[in-house]
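Participant: Generate coordinates for the sequence data below:
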Amino acid sequence: MKLKKATGIIVPFIVILLSALSCNTAVKVAGGITDDLDRTINFDTIPQKVISLAPSNTEILFALGLDDSVVGISDFCDYPDQVNTRSALEDGAVGKIARVGNAFAVNIEAIVALNPDLVIGFGYNMPYYVEPLESQGLTVLILGPESIDDIMANIELVGTIMGIEKTAVELTSQLRDDLATITAKTALVSRPGVFCETGFGGGIWTTGSGSFVSNLVMLAGGTDIGVAVSKSNPNISMEYIVAANPDMIILADAPWVTPADVKARGGAWDSLTAVQNNKIYEVVDANVVSRNGPRVVEGVMALLEIIHPDIYAELQEQTE
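Facilitator: Below you'll find the model as predicted:
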């Protein structure tokens, strides 16, 4: 998506807003690269064979046009379509991408057998697979973006490592322009209270203060009622939800939970304004609001379509 750039008095607000979302930004340092866990990693040459252990990392690699460098991906990686097509090829086929497990069960042997120059993992803490992979002489980079600026920094970091800094900066510049265009429209609108549910069962789960999804809600012109909930333990009580009384409920855990499921819960749920007014919505593609990657603009637009459909329609016209 390429939207027209925002101009005028709103721009300073946008700059302040996007800056406020910054944290854990990875930067290039003398003698090496610093990842999101503050680990310094040295690169003598540009990696030719890369394995991604998270969907967001895979999407960064493909968005940067690094398709041919990708030799392995996680079980959960499913975007773009080339990922599924190439991973379905027979072993030994030219261009095949191997599936090497997932975050809960990484196949160390399969990764080592591919002899990658770089393995890109994901985590806010040290993933369990880092030590066994590094003990085999492999280079592991960990990305764990927690904000919009972190995502931009990760894209540029990968671009630096892979020797395509200009391409990475062009991509992040376009993403920032698109986000600025959106926030120029949402900066002065009324902000409905939004409860963004990310899981139900064994508790009620939301995103928590400073989280990626909470950032998206704010950029899309909503007020996330989960901002008072700890990001490290985003289990939210029914009493808290009732007190906040959100204007709308957005189900980021769709299709596993539907509006009909919420209406059927009964009890205190029936007292909520969002339920009474039938303001319960599913995110059509939950991946765009849960993956901290280059589809961040699509994530904001997905929420904007729900929170401010008039602005969404106006921006859609600009892309036609």
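Participant: Next, the residues that contact stretch 227-237 from outside, please.
Facilitator: Under the criterion C-beta atoms under 8 Å, 6 or more residues apart in numbering, residues 146, 198, 203-211, 214, 226, 240 lie in contact with stretch 227-237. Quick note: C-beta positions are derived from backbone N, CA and C, even for glycine.
Participant: In strands, which of these appear?
Facilitator: By the criterion of DSSP state E, membership of these in strands covers Ile204, Trp205.
Participant: Buried only: go through the contacts of stretch 227-237 for me.
Facilitator: When the contacts of stretch 227-237 are checked for burial by 16 or more other C-beta atoms under 10 Å, the buried set is Glu146, Thr198, Ile204, Trp205, Thr206, Thr207, Gly208, Ser211, Ser214, Gly226, Tyr240.
Participant: List the contacts of Ile250.
Facilitator: Ile250 touches Val194, Phe195, Cys196, Glu197, Val217, Tyr281, Val283, Leu303, Ile306, Ile307, counting by C-beta under 8 Å, 6+ apart.
Participant: and after the host helix or strand of it, which helix or strand comes next?
Facilitator: In the assignment (DSSP states H and E), Ile250 maps to strand 248-251. As assigned by DSSP H and E, the chain's next helix or strand after strand 248-251 is helix 259-263.
Participant: between the contacts of Ile250, which has the most around it?
Facilitator: Val217 (30 neighbours; other C-beta atoms under 10 Å).
Participant: From Arg176, how far off is that one?
Facilitator: Distance, Val217 to Arg176, by C-beta to C-beta, to the nearest Å: 19 Å.
Participant: ok, now which ones touch the nearest residue to Ser290 once chain neighbours are set aside?
Facilitator: The shortest distance from Ser290 to any non-neighbouring residue, by C-beta to C-beta, 6 or more residues apart in numbering, is to Ala252 (6.3 Å). By C-beta under 8 Å, 6+ apart, the residues touching Ala252 are Cys196, Glu197, Thr198, Thr207, Val213, Val283, Ala286, Val289, Ser290.
Participant: so can I have TSV of the residues you listed showing distance to Leu315 and pLDDT?
Facilitator: Output for the contacts of Ala252, formatted as TSV (distance: C-beta to C-beta, whole Å; pLDDT from 0 to 100):
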residue	distance to Leu315	pLDDT
Cys196	21	92
Glu197	25	92
Thr198	25	87
Thr207	24	80
Val213	20	88
Val283	17	88
Ala286	21	87
Val289	17	91
Ser290	22	88
